[in-house]
Structures are given as structure tokens and as C-alpha cells.
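Chemist: just the structure for this:
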Amino acid sequence: MTRWQLSDKTRGHVFELGLEEDQWLALRPGDKSWKVSRYLGAKPVTPADEAAWRAAGSPGSWRATTGEAVEAAPGQPHVSELRGKWKGSGGDLVKGLMTWEELAAIPAGPAKLREYLETGIRERTASPTESGDRLRDAVVRIVCARVATSPEVRASAYRLLASMPGLRAEGEVTDVLGRRGQAVVHRLGAGEERLVVDTRTGLPLGRDWTPDAPADGDPTVLRQRTAYRNLGWTGERPDLPAAKG
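Modeler: Numbers count the residues shown, from 1 in each chain. Sure thing, here's the model as predicted:
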């Protein structure tokens, strides 16, 4: 589940939008992979934002500073089969979508993992600054189980992330779903990202991203928070909603 904050086009109030997604990646040949997404609606963030929204007539939709149209009401589930290169893939890393065999071949150990990721990144970018950002992003993707790697590779990614400059520990915090975990913060793009980890399982609970304050003091995207409800392997097939699209 991801929640993010935007300003309306008049900058009269700030609202928070929500999106829930389930992704099922099939390992067995012939099985289908699916993504189910549902828009959770939008609402004012603070009492002052709600007052501004009501003063504007409590509109059911409005335009954000990003230019997109925003609906207040939640939407219906949207089901899509992952086709094309997604078929037979276990996720997206530095080389794009990768097969299960390619993911299984990722080496464990912080040094070997770093060399593997840097080699793949060099093949796709020539910018040293961009390469550093992409390395950190790839490590975070492994830590957050955005690709299906082994526990040994994920443990190596944790150690590699801990060795990168600019990382700081924030101790115990509460994620967007109210769960307790240990937080570490690092730079990501034009802002800071906080990772919240369940120390009992080693799995991530969530990611929060807060942008730097721009020169005009009015960022377009104010904050983004993602919570992971369930991560892991299962032998069950997805229980898909009736509505498909």
C-alpha cells in the first residue's frame, strides 16, 4: 500500500492519495502472473486542509499541482495479467526484467554483490553520479524484496547498504500501518528515504520518502509512504476480484 501527498492546483489544501497493489509472480512455466491494484481515494491531510476543501465546496475531484485529475472516491479493483517480458520474470533489477534463472545466479556476499550490480549498471549508464544512485536503488530493491532473490543475497544487500556513505540509524519507529520496526535513512534523489525493517524477520515493513524543500518552498509531491503487508513465497494461487481490466 502506498500513500502520497499532493497540493491542489490552487495550493489551497494538501490531500493524501492511496493505492493498494498485489503482485503475484509465477515460478512454474505456464502459470500466469498478475497484478491487482485499487485506488483508495483522496482526502485532506490536516483539519486546516479539510476546512479549505469544504470552503471550496467539498469537490469530489480536483486538479493537483502535478496537473493530474484527482478523484476523492475510491475506485474498483483493476486486474491485469503481466505479459510480455514479465512472463517468466521474477522482477526488475539493473538489467531490466530478469528471469528466475538470472535472479538465482546473483552472487551472495557484499563484495561480490556490489561487483555484480556495478557491472550491470555500467552497461546501462555512463554517468558516475547516476551510477551511484542506481547502485543504491538496486540494493534497496533487493532489501525490500522487490525482486525474488535468496535470503543470502538479501542479507548481503543489507550489509552492502550499511556500508554506503550517508546512511544513519533512527532507532525504533512506527510505519504507516502502526507496526514497530527499526529505521535507517539515506539520500534518494532530491530527498531522503527511510526504510523501516522488522528485526525479527529481516523483512521490510515500509519505505517513506520526503523531498527536499525546493527554492520556492512549495514542493509538488510532499511525501510518499509505502507499507508492505506480505512478502514471500506461496503455493496458493491469487484470489482475483471479479472485475478485470
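
Chemist: if the spatially closest residue to Leu222 that is not a sequence neighbour is in a bridge, with which residues?
Modeler: Spatial nearest neighbour of Leu222, excluding adjacent residues (Cβ to Cβ, 6 or more residues apart in numbering): Gln5 at 3.9 Å. Where you see a C-beta, it was placed from the backbone N, CA and C, and this is true even at glycine. For Gln5, the beta-bridge partners are Glu16, Arg223 (DSSP bridges).

Chemist: surely Gln5 touches Glu16?
Modeler: Yes - using Cβ atoms under 8 Å, Gln5 is in contact with Glu16, at 5.0 Å.

Chemist: between the two, what contacts are shared?
Modeler: Residues touching both Gln5 and Glu16 (Cβ atoms under 8 Å, 6 or more residues apart in numbering) are Val45.

Chemist: quick one, helices of the protein?
Modeler: Ranges of helices within the chain are 47-55, 100-104, 110-122, 128-143, 151-163, based on DSSP state H.

Chemist: how near is Val94 to Val147?
Modeler: Val94 sits 10 Å away from Val147, going by Cβ to Cβ, to the nearest Å.

Chemist: right, I mislabeled it, should have said Val197
Modeler: Distance of Val197 to Val147, computed by Cβ to Cβ: 17 Å.

Chemist: neighbour count: those two, which is higher?
Modeler: Per other Cβ atoms under 10 Å, whichever of Val197 and Val147 has more neighbours is Val147, with 22 against 19.

Chemist: correct me, but the more buried one touches Asp92?
Modeler: Yes - contact criterion Cβ under 8 Å: Val147 and Asp92 qualify, at 6.8 Å.

Chemist: what is the burial count for the residue lying closest to Asp133 once chain neighbours are set aside?
Modeler: Among residues not flanking Asp133 along the chain, Gly189 sits closest, at 7.0 Å (Cβ to Cβ, 6+ apart). Gly189 has 12 neighbouring residues, counting by other Cβ under 10 Å.

Chemist: Gly189 contacts Arg134, doesn't it?
Modeler: No - in this structure Gly189 lies outside contact range of Arg134 using Cβ under 8 Å: 11.1 Å.

Chemist: mind listing residues that contact the lowest-mean-pLDDT helix or strand in the chain?
Modeler: Within the chain, no helix or strand scores below helix 128-143, which has a mean of 82 by mean pLDDT, DSSP states H and E. With contact meaning Cβ under 8 Å, 6+ apart, helix 128-143 is reached by 91-94, 114, 117-118, 120-122, 124-125, 147, 149, 153-154, 157-158, 160-161, 164, 186-189, 193, 195, 197, 204, 207.

Chemist: just the CA coordinates for that helix, please, in PDB.
Modeler: Output of helix 128-143 as PDB, limited to C-alpha atoms (Å, rounded to 0.1, in the frame of the first residue of the first chain):
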ATOM      1  CA  PRO A 128      29.100   8.400 -12.400                       C
ATOM      2  CA  THR A 129      26.500  10.300 -10.400                       C
ATOM      3  CA  GLU A 130      23.700   8.300 -11.900                       C
ATOM      4  CA  SER A 131      25.600   5.100 -11.400                       C
ATOM      5  CA  GLY A 132      25.900   5.800  -7.600                       C
ATOM      6  CA  ASP A 133      22.200   6.500  -7.400                       C
ATOM      7  CA  ARG A 134      21.300   3.400  -9.300                       C
ATOM      8  CA  LEU A 135      23.500   1.200  -7.200                       C
ATOM      9  CA  ARG A 136      21.800   2.400  -4.000                       C
ATOM     10  CA  ASP A 137      18.400   1.900  -5.700                       C
ATOM     11  CA  ALA A 138      19.300  -1.600  -6.800                       C
ATOM     12  CA  VAL A 139      20.400  -2.500  -3.200                       C
ATOM     13  CA  VAL A 140      17.200  -1.100  -1.800                       C
ATOM     14  CA  ARG A 141      15.100  -3.000  -4.300                       C
ATOM     15  CA  ILE A 142      16.800  -6.300  -3.100                       C
ATOM     16  CA  VAL A 143      16.400  -5.300   0.600                       C
END
